[in-house]
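Asks: With the input below, show me the fold.
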Amino acid sequence: MANAITCRLVTPKQELLNEEVVYASVPQHDGLIGCQHGTSPLVSQLGLGKLRLDFPSESGGGSREYFIDGGFLKMAANELIILAERAIAAEEIVESEAKAELAEAQARVIPEDAPNRLEAVERLCREREAAALKVSMAKNSKTVGI
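Replies: Reported below is the predicted structural model:
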């Protein structure tokens, strides 16, 4: 496919995807970046967010979403390699489990006298953000029928 790029999504445990895509919206550590045919070479740190992949119409088209948390990406020679610390397909996120994870994170409190309090607060905020994103993605995947 002339305007497609090869996209590989890999975690420490498995390769989740190795397909042609026409566009990828990738969550970097400092915001979203779009990758498509002709994108300049780059290496970047991934952040917490939603990865959206758009597939060519020749292979059925449509989009697929993944929850991403940390890692790195490399874009070169029309190949996008996403090495994610954690990646979960949106349709595999169980809404009830995500809601329970969010409730547990929201209920947790960091004691005032905790060592490395700032680090603990930042970690808890990230856990809350991740759980809220999972809830949102689980609801959305049911709505669009992924």
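Asks: Determine whether the claim that residue 125 is in a strand is correct.
Replies: No: when DSSP: H, G, I helix; E, B strand; the rest coil is applied, residue 125 is found to be helix, with no strand at that position.
Asks: correct me, but residue 20 touches residue 57?
Replies: No: using C-beta atoms under 8 Å, residue 20 and residue 57 do not qualify as a contacting pair, with a distance of 11.4 Å. From N, CA and C alone the C-beta is placed, and that goes for glycine too.
Asks: the more surrounded of the two?
Replies: Set side by side, residue 20 and residue 57 give different neighbour counts by other C-beta atoms under 10 Å, the larger being at residue 20 (16 against 10).
Asks: does that one sit in a helix, a strand or a coil?
Replies: Criterion first, three-state DSSP; result for residue 20: strand.
Asks: Against residue 108, how distant is it?
Replies: Using C-beta to C-beta, to the nearest Å, residue 20 is found at 42 Å from residue 108.
Asks: what's the answer for residue 118, then?
Replies: If you go by C-beta to C-beta, the gap between residue 118 and residue 108 works out to 16 Å.
Asks: One more: residue 22?
Replies: In this structure, residue 22 and residue 108 are 41 Å apart, going by C-beta to C-beta.
Asks: In terms of packing, which of the two has more residues around it?
Replies: residue 22 (19 against 11).
Asks: Which residues are in contact with that one?
Replies: Residue 22 sits next to 1, 3-5, 36-37, 54-56 when contact means C-beta atoms under 8 Å, 6 or more residues apart in numbering.
Asks: okay, stretch 78-90 in PDB with CA atoms only?
Replies: Coordinates of each C-alpha in stretch 78-90 appear next as PDB, following Å, rounded to 0.1, in the frame of the first residue of the first chain:
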ATOM      1  CA  ASN A  78       8.000   4.500   6.900                       C
ATOM      2  CA  GLU A  79       8.200   2.000   9.900                       C
ATOM      3  CA  LEU A  80       6.800   2.900  13.300                       C
ATOM      4  CA  ILE A  81       8.000   0.800  16.200                       C
ATOM      5  CA  ILE A  82       6.300   1.300  19.500                       C
ATOM      6  CA  LEU A  83       8.000  -0.300  22.400                       C
ATOM      7  CA  ALA A  84       5.500   0.200  25.200                       C
ATOM      8  CA  GLU A  85       6.000  -0.700  28.900                       C
ATOM      9  CA  ARG A  86       2.200  -1.400  29.100                       C
ATOM     10  CA  ALA A  87      -0.300  -1.700  26.200                       C
ATOM     11  CA  ILE A  88      -3.800  -3.000  26.300                       C
ATOM     12  CA  ALA A  89      -6.300  -3.100  23.400                       C
ATOM     13  CA  ALA A  90      -9.300  -1.000  24.200                       C
END
